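[1] Got a predicted structure here, sequence first:
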Amino acid sequence: MCRNIRVLHNFEPPTTDDEVREAALQFVRKVSGSTHPSRANTEAFDRAIDEIAEATRRMLDGLVTNAPPKSREAEAIKGRQRHEKRMEREVRIRTATA
């Protein structure tokens, strides 16, 4: 999964439309292989972002859970810890083969 797409469900305060749109943009960029579409593809690119954002919002609004809401700050800390572990593994792998 693209590391730039983040979990959006069950946060306090709730996920904003801007966060949903940003996730849709990241998804379209990943799928299309392009961060900036050509002029010829801009309309299709923008339409896909709008449609994915709408579908994502509908899905998020329809999900239910009994779990307590997550904190963005706590999730960011967990993400940084996962990143640090990944980097430590990379360093071990690279230095072991050198």
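    Perfect, thanks for sending it.
[2] Can you pull the poorly scored residue ranges out of the protein?
    By pLDDT under 70, the weakly predicted segments of the chain are 1-4, 98.
[3] do that again at 90, thanks
    Low-confidence segments of the chain (pLDDT under 90): 1-7, 76, 79, 92-98.
[4] Helices of that one, start to end?
    Using DSSP state H, the helices found in the chain span residues 17-32, 42-62, 72-97.
[5] Which residues are in contact with Asn41?
    Contact partners of Asn41, counting by C-beta atoms under 8 Å, 6 or more residues apart in numbering, are 32, 34. Placement of C-beta: from N, CA and C, glycine included.
[6] all numbers from here: first residue = 19
    From this message on, residue numbering opens at 19, which makes the last subject Asn59.
[7] Check the gap between it and Ala66 for me.
    Asn59 sits 10 Å away from Ala66, going by C-beta to C-beta, to the nearest Å.
[8] Which neighbours do these two have in common?
    Common contacts of Asn59 and Ala66, defined by C-beta under 8 Å, 6+ apart, comprise Ser50.
[9] Dump the helices of the chain to CSV, plus distance to Phe29 and mean neighbour count.
    Compiled in CSV, those are given as follows (distance: least, C-beta to C-beta, whole Å; neighbours: other C-beta atoms under 10 Å):
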stretch, distance to Phe29, mean neighbour count
helix 35-50, 9, 17
helix 60-80, 10, 14
helix 90-115, 6, 10
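[10] could these go into JSON lines alongside distance to Leu26?
    Shown next, in JSON lines, are those (distance: least, C-beta to C-beta, whole Å):
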{"stretch": "helix 35-50", "distance to Leu26": "6"}
{"stretch": "helix 60-80", "distance to Leu26": "6"}
{"stretch": "helix 90-115", "distance to Leu26": "10"}
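[11] Can you tell me which of these is nearest to Ile23?
    Among those, the nearest to Ile23 by C-beta to C-beta is helix 35-50 (5.0 Å).
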